[in-house]
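Enquirer: From the sequence below, what's the structure:
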Amino acid sequence: MKFREIQLTNDAYGHTIHNTQAFSKDDQWIVYDTRNDDTKIAETNKIEMVNVQTGEIKELYATQNQSQFGPGVGAATFSPQQDIVLFIHGIRNANSQNPYSITRRTGVAVDIPHPGKPTFMDSRDIQAPYTPGALRGGTHAHTWSGDGQWISFTYNDYVLEQLPKTDASILDLRTVGVMVPQAVEVKTDTDSLENFSGKMFSVVAAEVVNNPRCGSDEIDKAFDETWIGKNGYINRLGNRQKKAIAFQGNVRDNEGKAKTEVFVLDLPDFPFKPKPNKPLQGTPDTRPNVPEGFHQRRITFTQNGIEGPRHWLRATYDGALIAFLAKDTDGIIQIFGVSPNGGHTIQITKNKFSVEGPYNFSPDDKYIAYTADNSIFITEIQNGNTQRITKRFEDWEKPLNAPVWSYKGDKIAFNRKVKFSDGEYIQIFILVKMGK
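Expert: Got it, this is the predicted structure:
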């Protein structure tokens, strides 16, 4: 399979695409934020999109009162079904005393026909009594479900983050959550901008505990999740589980050593109901609670757990396989796969060099694209055949983040840096399929 590389952006600022859902539903646009450094969301003020055919750039959103402390925007994704872009937005009153942080951010959407008009997706309420369906902290890395209706995210709680100042036994533990379409009204304070209402009903989805028991499936961190399948997956009973996410969870082995394994969350239909005496919104000294009917289970039991660069789990479109990174017997970081029902893991890549970052499956589930050896590679899932589809770049210009497939599967978008007179700036490139 041959690809032709095309540079889409050329301006002297950053053009960072997110690790998934960068293409519009018709594959005509790629959305990005203007970071030139992955760690600088707080300082980033614009979301833009570029036309795949013409290179035309359109500004979708710009923050107000932007400074080095926030509010900041980034990690934009296109809905797979609608002309809507969703991205991280820092709390709007960010300043040196209250800067952008993991507990001070939210999900904001913009309709493409109405640029500049933000729609707050998750509600935020950090003053007791809290509001069911609202959260009390920061959401990020938002991902749309295959039908474009639900959204997953990673979450940190602002209320619990503040409690260790007075009670060290209470910890804010990172977890994952989901939003579903139902507006939640919160009593707002227009002066502080800390609280706000949103378009979606939001809950935490994964159970985390302060001190996981050694050798158990308890976790103290859930993170870097993915939706399983475009329409869920077939479970062990032969039934379709329509909504499910996979995430990475940190357990303790029998010796007390922390390691990361793959977990699955089977999700019930909405509306969500609280468990007895466990309010969805939490209390002033307890975290928000997982609703009734959320089924969490561990599906990998590896010797050393997930290892390698930061990455988000990814699932095939048919929901049959979940991919993760781990070291092979030679200590090389490879892509492995496991069924959402658990069982035997398979090794997908068998390279002589390590995978260097996140990855994505092609829409037909035949290939996986990833960065390794300063290049973009694709590997066939069924037989492991691997092809380098770019040249090997120098270290300063090597591909960054994840290569992202178009929905038709005929293009792959990726980032790498280009030299300008005043420095190096992240640009967007596409690889266009030329044939076999």
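
Enquirer: pretty sure residue 106 contacts residue 121?
Expert: Yes. Using CB atoms under 8 Å, residue 106 is in contact with residue 121, at 7.3 Å. Heads up, the C-betas are built off the backbone N, CA and C, glycines and all.

Enquirer: any common contacting residues for the two?
Expert: Common neighbours of residue 106 and residue 121 (criterion: CB atoms under 8 Å, 6 or more residues apart in numbering): residue 198.

Enquirer: if you count what's nearby, which of those two comes out ahead?
Expert: Shown here are residue 106 and residue 121; by other CB atoms under 10 Å, residue 106 has more neighbours (27 against 23).

Enquirer: Quick check: the gap between that one and residue 136.
Expert: From residue 106 over to residue 136 the distance is 11 Å, taken as CB to CB, to the nearest Å.

Enquirer: And residue 112, by the same measure?
Expert: 31 Å.

Enquirer: Who has more neighbours out of these two?
Expert: Neighbours per residue, other CB under 10 Å: of residue 112 and residue 136, the larger number sits with residue 136, 26 against 17.

Enquirer: residue ranges of the helices in the stretch 101-250 of the chain, please?
Expert: 158-162 (DSSP state H, counting those that start in this stretch).

Enquirer: Show me the common contact partners of residue 106 and residue 136, please.
Expert: With CB under 8 Å, 6+ apart as the test, residue 106 and residue 136 both reach residue 124.

Enquirer: could you give me the average pLDDT of the longest strand seen in the chain?
Expert: Longest strand in the chain, counting residues (DSSP state E): strand 423-435. Mean per-residue pLDDT for strand 423-435: 95.

Enquirer: show me what contacts the spatially most central residue of the chain?
Expert: For the chain, residue 141 is the residue whose C-alpha lies nearest the centre (CA atoms, centre = their mean; 3.6 Å). By CB under 8 Å, 6+ apart, the residues touching residue 141 are 18, 75, 88, 153-154, 224, 312.

Enquirer: Relative to residue 86, how far out is it?
Expert: From residue 141 over to residue 86 (counting by CB to CB), the distance is 11 Å.

Enquirer: same deal with residue 131?
Expert: Distance, residue 131 to residue 86, using CB to CB: 21 Å.

Enquirer: more neighbours, the two?
Expert: Remark: of residue 131 and residue 86, residue 86 carries more neighbours, 26 against 19, as counted by other CB under 10 Å.

Enquirer: quick one: pLDDT of the more buried one?
Expert: Confidence score, pLDDT, at residue 86: 98.

Enquirer: again with residue 22
Expert: The model's pLDDT for residue 22 equals 98.

Enquirer: Can we start the residue count at 52 from this point?
Expert: Let's use 52 as the start, then, which means that last one is residue 73.

Enquirer: Near it, how many other residues are there?
Expert: For residue 73, using other CB under 10 Å, the count is 27.

Enquirer: what's the answer for residue 252, then?
Expert: Residue 252, neighbours per other CB under 10 Å, totals 21.

Enquirer: before we move on, what about residue 387?
Expert: 22.

Enquirer: and what of residue 54?
Expert: There are 19 residues near residue 54, going by other CB under 10 Å.

Enquirer: For it, what are phi and psi?
Expert: phi -130, psi 150 (degrees, to the nearest 10).
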